[in-house]
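K.L.:
Give me a 3D structure for the following:
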Amino acid sequence: LPHSILLESIQKEFIISKLLIAQGAAFDDYSQTFRDECYPGTRLEILDSIYKWVADPASPAIFWLQGMAGTGKSTIAQTVTKKLDGVNLGASFFFKRGDGDRGTPRRFFATIASQMIRKQPRLTKILYDIIQEEPEIGDKMLETQFRKLWARPLKELAAEPTTEPTTIVVVVDALDECDPPEDAKLLIKLLTEHDVVSCLRVKILLTSRPEYHIALQFNISGNPRRDLILHRVDEAIVQSDIRTYLRIDIEKYTKQYNQQTEKMGQGQVLPADWPGEETFERLVQMATPLFISAATVSRMLRNDQWPATPEQKVEHILEFSTKGQGQVEDLYRSILAQIMSQIPVRARQRYIDDFQRIVGSVILLASPLSVVALSSLLGIQENEIYKKLSSLSSVLDVQSRDAPVKLFHLSYRDFLLEQDSFSNIEDQDPCRGLYIEEVAAHAWLAGQCLQLLSMNLHNDVCNLQDPAVSRREIREEKIRQCLPPEVAYACLYWIHHVEAGKRGLQDGGPEHKFLETKMLNWIEALAWLERLNEGLEGIRTLKDMAHNAGSQGIFRLLEDAERFVFSFRPVIQETPLQIYNSALVFSPTMSIVRKTFASNSPTYIKGMPQVDTHWSACIQSIESKDRDAERPVGIQLLSNETLVSGLHAGSVKIWDLNSASCLHDFDIESDKAHEFAVSPEGKIAIMGERHVQIWTLQDRRCLYTLDHNLGRPYMHVSMAFSPTGDYLYALSLAGEYTVFDILRREAKTVKLDRALDMGSKCLSKDGKLAAFFDEHEVVLWDPDANIILQELKNIEITISTATFCQAGELLVLGAFGGEIRLTNVKTGETEQEFDGQVGMVQALAISKNQERLVVGGGHNPSIAIWDVKNHVLQHILTGHTRSILYVALSPDENTLASYSWDAIKIWALPLAPPASSQTRAIGTNIGHMVLDSDGQTLYHSEMEAVGTWDLNTMKCVKRSEVGSVFGVVLSDFSPLAAILGMKHTEIWDLSKHCRLPPSQLALQPCALSKDARLFYSRSHFWSEPKMYWSMLQTWDSVTGDCVHVSSNSERAITAIFMCPGGQQVALIETSDIRPHAEEYGISPDGSWLTRRLKRVLWLPPEYRPSCAILAPSQLILGCGGRVVTMVLES
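P.N.:
Got it, this is the predicted structure:
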């Protein structure tokens, strides 16, 4: 095969393997063989109207075909789709309520994309790249899927050398069966309001009932569309089509019947004109205007389980018809009456009971199951189920015991669940008992689901025996084998049935008992099924139900379970068996889930690590996938549930904090985002290299693109909106202040009348005040008047950052030394000054009333929350592992966001009083640790401090600040530390925390001899384009002389260690790095504990070590500002 064809084939297979599609949604799916098409000669006017719309390049992009239930919408959609296949068809999606993923839009765009690459191979490479960038795109929010799987491929598609764009049609059927209604509205909004410029002209045929929420959304969108309302088509035309349909169908039935009975007597053969013109017209009158009535008549005649002659069947059908009304309910009553007439009186109650359980379950299942699966779920024998369902073949599709049982039409479900359907039946008629009481049926199904799960779920349900095995490594066949359809169904939908069954959640009830014994197994199963997010939503649903019922026991368990799953969701999704490992090991000691399932903890851990006693205030963490990515440029909380973040020269994203998923990634064409600002009324401005774009936050539309001439300083621009959102202000370090009039699309620039040599600047919240600052100087400027308000010079503190309060009355200064200063803008006077308690101040945020101040640390990645009014430190928040660059409060100030290189973290405010912790954190990140020979004393070094820990109490018993130095190096075999100063090196005895005589050595040692007499250091060897540490130097600390140099420019020295005994030094060079089988170790990226080189325990970001000591049966981790130990099985 040519290389390009082979590559395209590989890319297609990759896309299909990654996109989770809705099975059965495509028009030609094998499982949907019963879908009918329009009979020849019927619906001609309607079909002609649709085909003309497709062919007309000037026609609207949307065609809405609406009609009441049973008017033939899906049949028309199927006919059009098949006609366009191979010509104009792009893709199709047939919604169906109660048919799993076909009942929601969750897999809509993935299903469409998987079909598009077959119909339009040119899209393959684009979609391949998108899925490579974001493999989990199919689980993202609907808007994100639309943007990545629909809009972007169409937009990036290169035009072919043709004069006219190619028209493709996407057919979306039964939109009214898309749940929930809010998602159906969103889907309409996305498909109708976002015009994507592409060389493909996309047209969309939508069919639905005229439901209020659908009509409302179409009217809101207001874009041009073509409408056709089936139930308003002239009844004479409809009746003519039904007459044609029935005539052709009955002729086929007559021939089939006669072929089967030809060996019998002549009396068994039907005449060619059967059933006679008069009877035939009565059938036509009865079916008009609903095609579903005609189709049901056809299936009733062919029902082999109905032991009656064709004449008796027709007589029975007409007997139950409402004269000329065409009510399909009459046909459904006749089906039930026919069945009940065949059952002896004594057996009827048992039949009714079985009908309630079997048929009631089939019509209420959230996703169809086969007879085999139903047998396991319902606890009823296969033969019994098959026999009952086969008698209803006129309304149910029962192809085989292994195929899912489906409704031919949703109206049958409505009929059985509607009490009015049985109101006209006489009291003594046994059919009255076949009414399905929906709430009771759901409640019974919920009980069956719980019973099935209790019997089938257990730890490591797939028997993999590898705690770190990834979900991606396991084949779908293995998952289906271990979680068969009925078990998978119960996992996904038991909470749905509990809620719909209005089962009051009670302490000690079946739901409570199930959660106390099988909750972790259930979550594990959901992770294998790749439906963990739905499990989290289910937990929240149950929690609300428990709260409403006043059941405190189950409520507390569910409240804790929500935090448990939410906190460990990333690792559970990726490696489901870590729910019994990392999640149990690192959850707080007072976690109800941890205590309930303590016996499931890993057996190789004999002594658990020291973790917090309670859940932290951090309720969400969005971990950075690339820690070396572009620098963050800011965050802003739009609400307690939505956040905007930006990366320098990168992208601006909107996040849904409930699901930790990206709602939108703003596309600013060829520009790269360098700054953003959000207006009070819901607009966002994004500054690129050449343009500023104004977008709406609600529907993510670009309103305006404004040119700017800020030149290179655009990389150092602050922006703010006016309170009305009509103006945008931009301030550059060069002293240029640009006012963008958004409505007029004009810009005016004011330049400071003198040059400033300042390193930083900030704007007030309303954009009316500017501050330039350097280490010891601040200039306050009124740009409108072009007047310098204040010049503050010779400031005692060394300024690192600054921000204005909401009203612009105060300028808050943060310092490298940790000081906080509140300065009056009008007078320039200092109103308050205090130590922020986080070391170097990197980020600031102040509340609207100026009473709460949030301070983010640089070298010490913690957050201090201050009551400024009363000058009280309220809380210190820890959890970040790298410098905190931005902090932000939500509009109601009940949520705090922090942005670091490692993650975005969300904190719930107001905070409860600090809970006691089993670990004690010190200032900055621990850089090196040494275990004393007694095994109970640990020495550590930080950037500017050294400390001693008592491992019995897990407390830092002594910590000494050593000032601003290059760093600290510990001896591996004695309590000595080298403090690396600018001009000399100090030796400390950490057992006494005192200095020894200083050395004249001014280099940076990497290792110390046992007596600290000799130092070993690396020196540079430059080789373009990289620098290598390739020389080993040995120094005498007393004389300061270099006593030996060893050089090898071919290899880079990555580390230096003293050997036991202190007489030899060991080097690790680039060519020496080989894995070796220690009992326990830490993975190269620091995120896993390994055992014999195999990953066993995922380490959450806050427990990933900057240094570690691996003793034979003990692991000591220096993570952040604390020490954590684990006793391990030898």
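K.L.:
ok, Ile474 - contacts?
P.N.:
Ile474 makes contacts with 462, 464, 528, as judged by CB atoms under 8 Å, 6 or more residues apart in numbering. From N, CA and C alone the C-beta is placed, and that goes for glycine too.
K.L.:
what's the burial count for the first one?
P.N.:
Put plainly, it is Cys462. 17 (other CB atoms under 10 Å).
K.L.:
All the strands of the stretch 851-1000 of the chain, residue numbers only.
P.N.:
852-857, 863-867, 872-877, 884-889, 895-900, 903-908, 928-931, 937-941, 945-950, 955-961, 967-970, 976-980, 985-989, 994-995 (DSSP state E, counting those that start in this stretch).
K.L.:
Now name the helix or strand holding Arg401.
P.N.:
Of the helices and strands defined by DSSP states H and E, none includes Arg401.
K.L.:
Which ones among the contacts of Ile474 lie within strands?
P.N.:
Assigned to strands by DSSP state E, none of those qualify.
K.L.:
and which of the residues you listed is nearest to Ile250?
P.N.:
Ile250 lies nearest to Trp528 out of the contacts of Ile474, by CB to CB, at 50.5 Å.
K.L.:
follow-up on the earlier one: in JSON lines: the contacts of Ile474, plus pLDDT and distance to His928.
P.N.:
Output for the contacts of Ile474, formatted as JSON lines (pLDDT from 0 to 100; distance: CB to CB, whole Å):
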{"residue": "Cys462", "pLDDT": "97", "distance to His928": "42"}
{"residue": "Leu464", "pLDDT": "96", "distance to His928": "38"}
{"residue": "Trp528", "pLDDT": "97", "distance to His928": "41"}
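K.L.:
can I get those in a markdown table with distance to Val739?
P.N.:
Listed next are the contacts of Ile474 as a markdown table, based on distance: CB to CB, whole Å:
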| residue | distance to Val739 |
| --- | --- |
| Cys462 | 62 |
| Leu464 | 62 |
| Trp528 | 57 |
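K.L.:
circling back to that earlier point, between the strands of the stretch 851-1000 of the chain, which one is nearest to Asn219?
P.N.:
strand 895-900 (35.2 Å).
K.L.:
Tell me what angle that closest one forms with strand 884-889.
P.N.:
170 degrees (axes from the mean of the first three to the mean of the last three CA atoms, to 10 degrees).
K.L.:
just for the stretch 851-1000 of the chain, where's the confidence low?
P.N.:
912-924, 963-968, 971-974, 980-985, 996-1000 (pLDDT under 70).
K.L.:
How is the spatially closest residue to Leu505 that is not a sequence neighbour assigned, secondary-structure-wise?
P.N.:
Spatial nearest neighbour of Leu505, chain neighbours left out: Ala546 (4.5 Å); criterion: CB to CB, 6 or more residues apart in numbering. Here Ala546 is recorded as helix under DSSP: H, G, I helix; E, B strand; the rest coil.
K.L.:
And Ala546, how close does it get to Cys199?
P.N.:
For Ala546, the distance to Cys199 (CB to CB, to the nearest Å) stands at 54 Å.
K.L.:
quick one, helices of the stretch 401-550 of the chain?
P.N.:
For the stretch 401-550 of the chain, the helices defined by DSSP state H, counting those that start in this stretch occupy 410-417, 438-456, 476-482, 485-500, 510-528, 532-549.
K.L.:
Looking at the ones you listed, spot the one closest to Asp612.
P.N.:
Among the helices of the stretch 401-550 of the chain, helix 510-528 sits nearest to Asp612 (CB to CB), with 20.5 Å.
K.L.:
by contact count, what packs against that closest one?
P.N.:
Counting contacts by 3 or more CB pairs under 8 Å, 6 or more residues apart in numbering; DSSP states H and E, helix 510-528 packs against helix 438-456, helix 485-500, helix 532-549, helix 552-574, helix 592-596.
K.L.:
now with 10 Å?
P.N.:
Here helix 510-528 touches helix 438-456, helix 476-482, helix 485-500, helix 532-549, helix 552-574, helix 582-586, helix 592-596, going by 3 or more CB pairs under 10 Å, 6 or more residues apart in numbering; DSSP states H and E.
K.L.:
Tabulate those (TSV), appending mean pLDDT, distance to Arg959 and mean neighbour count.
P.N.:
Formatted as TSV, the helices and strands packed on helix 510-528 follow (pLDDT from 0 to 100; distance: least, CB to CB, whole Å; neighbours: other CB atoms under 10 Å):
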stretch	mean pLDDT	distance to Arg959	mean neighbour count
helix 438-456	97	52	19
helix 476-482	94	51	13
helix 485-500	97	50	22
helix 532-549	95	41	19
helix 552-574	95	30	20
helix 582-586	97	25	24
helix 592-596	98	31	19
